[in-house]
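Enquirer: With the sequence up front, the predicted model follows.
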Amino acid sequence: MISHNKSKAWMLAWLIMAGINGVVQTAIAQEYSFPSPSLQSDLDSEDPMSQITSVSQLKDVQPTDWAFQALQSLVERYGCIAGYPDNTYRGDRALTRYEFAAGLNACLDRVNELIATATSDSVTRADIAKIQKLQSEFAHELATLRGRIDSLEARTTELEGKQFSTTTKLSGIIVSGVQGRTSNRGDVNPRDGIKDSDDAGTNINIITIAQLSLTTQFSPRSYLFTSLLYGMGASDPRFTANKVSRNDFFLGYEYPTDNEFIIGDLNYHWLVADNFALMVGTEGVNMAAAFRGPNRVESGATGPLSFFAQRNPILDMGFGHGGIAVDWQFAKRASLQAIYSSNNPGNSDKGNGLFDGNTTTGVQLLVTPTDTIDLSLYYVNNYSSDGCLLTYVGDECLTATSEPLQTNAVGATVTWQISPHITLGAWGGYTSSYIPGQTGSVETTNYMAFLNFPDLFAKGNLGGIYIGQPPKITSSNLPDGSNVPDSLNTGLGRAGGQPGTTTHIEAFYRFQLTDNISITPGIIHIIEPGHTPNNEPVTIGILRSTFLF
């Protein structure tokens, strides 16, 4: 297990936080546009030449060469011939008129120096006449060359003063899964101990989601992350009653977008200091993206199959879109993350907007007491205008008639790397909610225990076993008519908790076929769906395929 607290590793981990928020914890390392090795070799071949004092220093010039005497005279008499750093002259290389003009200009400068300190045997009248003739013949080229050099110097100065360069990289993920569940009957309308409804969502179907991401690097310490999402298919229909949806079968890559591309991420990341990072944006600012999770394999594309098995549902609360988050590595083995987000920051209608509607404030303390143990503690405060926490797992709508709720939630997650190939983990969570201005409250609990098996049977593969209880209303004493459990039973909404307990059992194995392609078969077994004792168990078979590019 790699420690969270090592500063350089933390900086790199933060820079790849774009991943696919809520769908993929991608890890995209930020790169820069350097020349390829072949191009770099070509650039090296144009290294500046260096002055030589003897023609013998040029290892590719031989006394038998037809131009040997000319080179010898120019080198040893006038000192105006230069060789390449590898002591070659490359005499058979093609010469442009501009290169000739530049070389001639260098020789003229050297000759002028010799004239200024002339001795009788240094420069003859014949030499001077030849030089003057050449200077006259190439006067136009020399003037043009000087003009170009002056222009380049001016433009270089301007660019250095106003330089702004970005690097944008495209990446993407396509996830497609085939799934079907067993036929079963449920006790839902009303919940009175009689199995009165068939599960209508048992047909085999395909769920697909695709994400295209652009990571625009503004500097080594900042980047803009933008993504487009397209999703189709769902595990609907599910058992429903009294507007309370049952989310026991919700999958990690399930995100229908009504056959349209939508903006999944639009957020800016800035490493303000070596140990302090900032994230702000109008899309994709939520706890799943901003909080570093101890469970290193959470990902709807390459990790567990269900949405419940990704992370503690408390950390999905509010389903934030826009807001601000910070990440502070305040000690060698400890960091603190905090976030404020809104589910609908762009809507100015009552019950929406950045400070109204469904808003979430969260904080997480992440510590690594040893190299093999990761522990996170978190607190979340959420305001929901319709009584739904938007966790999409278990009991998430906590009032029967959609009253607003104020919720306080606490939870913890721990993982222990027993060996390089076995990781044991668990989480637990508790929420307490109340209707502002009224008496009473509603409480829920959830838990999960899991085993991950990295590199199981082959490097890059992953196995996992997850067993837990999705959020369950353990008690509800809101005003009569508002309590969900009794509303499902009698429709009266009197005080009380859920009569049963749902148990979620999940097993999967990811075959990593290539660096970019994986296939994940798995099975999910749900006991007492909807926390209802008389609901028949449900078994879901899944085959997920993932392509990264």
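Expert: That came through, no problem. Since we're looking at a predicted model, the values are computed, not measured.
Enquirer: partners of Thr370 in the sheet?
Expert: Ile373 (DSSP bridges).
Enquirer: For burial, what's the neighbour tally of it?
Expert: Thr370 sits with 11 neighbouring residues when counted by other C-beta atoms under 10 Å. Every residue, glycine included, has its C-beta placed from N, CA and C.
Enquirer: okay, it: pLDDT?
Expert: With respect to pLDDT, Thr370 has a value of 94.
Enquirer: Which residue ranges of the stretch 101-250 of the chain form helices?
Expert: With DSSP state H, counting those that start in this stretch as the criterion, the stretch 101-250 of the chain has helices at 125-137, 139-162.
Enquirer: Check those for me: which has the lowest mean pLDDT.
Expert: Least confidently modelled of these is helix 125-137, at a mean of 76 by mean pLDDT.
Enquirer: Tell me which other helices or strands that one touches.
Expert: Packing partners of helix 125-137 (3 or more C-beta pairs under 8 Å, 6 or more residues apart in numbering; DSSP states H and E): helix 97-116.
Enquirer: Please state the offset of the helix it packs on from the chain centre?
Expert: 57 Å (C-alpha atoms, centre = their mean, to the nearest Å).
Enquirer: ok, back up a step: tabulate the helices of the stretch 101-250 of the chain (a markdown table), appending mean neighbour count and distance to Asp86.
Expert: Below are those laid out as a markdown table (neighbours: other C-beta atoms under 10 Å; distance: least, C-beta to C-beta, whole Å):
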| stretch | mean neighbour count | distance to Asp86 |
| --- | --- | --- |
| helix 125-137 | 12 | 29 |
| helix 139-162 | 11 | 26 |
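Enquirer: residue ranges with poor pLDDT in the stretch 301-450 of the chain?
Expert: 347-353 (pLDDT under 70).
Enquirer: related to what we said a few turns ago, JSON lines for the helices of the stretch 101-250 of the chain, including distance to Ile373?
Expert: Below are the helices of the stretch 101-250 of the chain laid out as JSON lines (distance: least, C-beta to C-beta, whole Å):
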{"stretch": "helix 125-137", "distance to Ile373": "79"}
{"stretch": "helix 139-162", "distance to Ile373": "50"}
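Enquirer: and of the ones you listed, who's closest to Leu492?
Expert: Smallest distance to Leu492 across those (C-beta to C-beta): 71.3 Å, for helix 139-162.
Enquirer: if I look at the residue lying closest to Thr168 once chain neighbours are set aside, how far off is Ser171?
Expert: Spatial nearest neighbour of Thr168, excluding adjacent residues (C-beta to C-beta, 6 or more residues apart in numbering): Thr216 at 4.5 Å. Here Thr216 is placed at a distance of 12 Å from Ser171 (C-beta to C-beta, to the nearest Å).
Enquirer: more crowded one of these two?
Expert: Neighbour totals were compared for Thr216 and Ser171, and Ser171 leads with 17 against 14 (other C-beta under 10 Å).
Enquirer: So what's the gap between stretch 409-419 and the chain middle?
Expert: From the chain centre to the centre of stretch 409-419 is a distance of 23 Å (C-alpha atoms, centre = their mean).
Enquirer: Stretch 288-307 too?
Expert: Using C-alpha atoms, centre = their mean, the offset of stretch 288-307 from its chain centre is 12 Å.
Enquirer: Where does Pro533 sit, in terms of helix or strand?
Expert: Here Pro533 sits in a region with no helix or strand, counting by DSSP states H and E.
Enquirer: Confirm for me that it is in contact with Thr503.
Expert: No - using C-beta atoms under 8 Å, Pro533 is not in contact with Thr503; the gap is 12.0 Å.
Enquirer: Name the strands paired with whichever strand or helix holds Met448 and say parallel or antiparallel.
Expert: For Met448, the element it lies in under DSSP H and E is strand 442-454. Strands that pair with strand 442-454, judged by DSSP bridges, come out as strand 422-434 (antiparallel), strand 462-476 (antiparallel).
Enquirer: For Phe100, find the nearest of these.
Expert: Of all the strands paired with strand 442-454, strand 462-476 sits nearest to Phe100, with 64.4 Å by C-beta to C-beta.
Enquirer: Tell me the buried residues in the closest one?
Expert: Neighbour-count burial for strand 462-476 flags 462-464, 466-476 (criterion: 16 or more other C-beta atoms under 10 Å).
Enquirer: Stretch 174-182 too?
Expert: So, applying 16+ other C-beta under 10 Å, buried residues of stretch 174-182: 174-181.
Enquirer: Just the CA trace of that stretch, in CSV.
Expert: The C-alpha coordinates for stretch 174-182 follow below in CSV (Å, rounded to 0.1, in the frame of the first residue of the first chain):
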residue,chain,number,x,y,z
ILE,A,174,-16.4,3.5,-22.3
VAL,A,175,-18.1,1.0,-20.0
SER,A,176,-20.8,-1.4,-21.2
GLY,A,177,-22.4,-4.1,-19.0
VAL,A,178,-24.9,-6.9,-19.7
GLN,A,179,-27.0,-7.7,-16.7
GLY,A,180,-30.2,-9.6,-15.7
ARG,A,181,-31.8,-10.5,-12.4
THR,A,182,-33.9,-13.4,-11.2
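Enquirer: so how far is it off the chain centroid?
Expert: 24 Å.
Enquirer: do the same with stretch 182-195
Expert: Remark: stretch 182-195 is offset 42 Å from the chain centroid, using C-alpha atoms, centre = their mean.
Enquirer: just stretch 102-117 next, same as before
Expert: Mean-position distance between stretch 102-117 and its chain equals 59 Å (C-alpha atoms, centre = their mean).
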